[in-house]
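# Can you look at this prediction? I've put the sequence above it.
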Amino acid sequence: MDVATVNQDFAAAGIALRASEGMPNLEARDSIRITDTAPIIRMVEGGAGDLVQRRWSWPGPGGRPVYNFRSDGREFATGRCLIIADGFYEFTDPAEPGKKRKDKWLFTRAGQPWFCIAGIWRAAPDVGEAFTMLTTAPGPDITPYHDRQVAILDRADWAAWLDPSISAKTLLQPLPAGSLTVEQVG
């Protein structure tokens, strides 16, 4: 995805973007792994969205990375962010007998080249600022593959997600059937 398209899509969603730390790399990567940096947008003074690169995950209790966080029943009054993505992976036990590696499935948003996942960010003493993806109950497109789903937001809800006065419970819902396409990639 290119910067002009990202700026245009956010403007259409009512969010003026700035890049206070310089324009981050938005080129597609094969994968983003836990502790890698990735682009997020967070609200700043004046109602603009600040596009920055941050680490995916912060150390949780016992040092295990917090890369997904259940949204169920929570409001998230601070630290909301949008995580830019063009797809995400889920893994299942292999269908092929004797295969050692799990099957890998790529999920993309039907009819959209990229989308945003609801996230939260915070400063962690050991790693600096980092983000995590929020999860919900799975929608029908995910249910055959996983018992949770990352909280993908409709474009019409991007600005609302960045506004902590709007209830998270009204925005963080499983996607309806047909919202995602799935392809086995490994």
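Happy to help now that I have it. Bear in mind that the values here come from a model prediction, so they are computed numbers and not experimental data.
# got the phi/psi numbers for residue 45?
Its backbone dihedrals place residue 45 at phi -50, psi 140, with angles given as degrees, to the nearest 10.
# Can you give me the pLDDT of it?
pLDDT recorded at residue 45 is 81.
# longest helix of the protein?
helix 3-12 (DSSP state H).
# ok, and for that one, which residues are buried?
Judged by neighbour count using 16 or more other Cβ atoms under 10 Å, the buried positions of helix 3-12 are 6, 7, 9, 10. Glycine gets a C-beta too; all of them are placed from N, C-alpha and C.
# wait, isn't the last one in contact with residue 17?
Yes: checked against Cβ atoms under 8 Å, the pair residue 10 and residue 17 is within contact range at 5.0 Å.
# So what's the residue count around the residue lying closest to residue 7 once chain neighbours are set aside?
Nearest in space to residue 7, with sequence neighbours left out and distances taken as Cβ to Cβ, 6 or more residues apart in numbering, is residue 17 at 5.4 Å. When counting by other Cβ atoms under 10 Å, one arrives at 17 neighbours for residue 17.
# Quick one: the helices in this protein, in order.
3-12, 158-162, 168-171.
# right, and these - which one's nearest residue 97?
Distances from residue 97 to each of the helices of the chain were compared using Cβ to Cβ; the minimum, 42.3 Å, belongs to helix 168-171.
# residues in contact with the spatially most central residue of the chain?
For the chain, residue 117 is the residue whose C-alpha lies nearest the centre (Cα atoms, centre = their mean; 2.9 Å). Under the criterion of Cβ atoms under 8 Å, 6 or more residues apart in numbering, the contact list for residue 117 reads 82, 83, 85, 88, 133, 134, 150, 151, 152, 153.
# Just give me the neighbour total for the fifth one.
Same thing as residue 133. For residue 133, the neighbour count with other Cβ under 10 Å is 23.
# Spatially nearest residue to residue 105, not counting backbone neighbours?
Using Cβ to Cβ, 6+ apart and skipping the chain neighbours, the partner closest in space to residue 105 is residue 90 (5.0 Å).
# Neighbours of that neighbour, how many?
Taking other Cβ under 10 Å as the neighbour definition, residue 90 ends up with a count of 19.
# okay, the helices of the chain in CSV with distance to residue 75 and mean pLDDT next?
Compiled in CSV, these are given as follows (distance: least, Cβ to Cβ, whole Å; pLDDT from 0 to 100):
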stretch, distance to residue 75, mean pLDDT
helix 3-12, 24, 89
helix 158-162, 12, 96
helix 168-171, 5, 95
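# so which of the ones you listed comes closest to residue 104?
Taking Cβ to Cβ, helix 3-12 is the member of the helices of the chain nearest to residue 104, at 26.6 Å.
# could I have the closest one exported to CSV, CA atoms only?
This file holds the C-alpha atoms of helix 3-12, laid out as CSV (Å, rounded to 0.1, in the frame of the first residue of the first chain):
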residue,chain,number,x,y,z
VAL,A,3,1.2,6.6,1.4
ALA,A,4,-1.1,8.5,-0.9
THR,A,5,-3.7,5.8,-0.8
VAL,A,6,-3.5,5.5,3.0
ASN,A,7,-3.8,9.3,3.4
GLN,A,8,-6.8,9.4,1.0
ASP,A,9,-8.6,6.5,2.8
PHE,A,10,-8.1,8.0,6.2
ALA,A,11,-9.2,11.4,5.0
ALA,A,12,-12.4,9.8,3.6
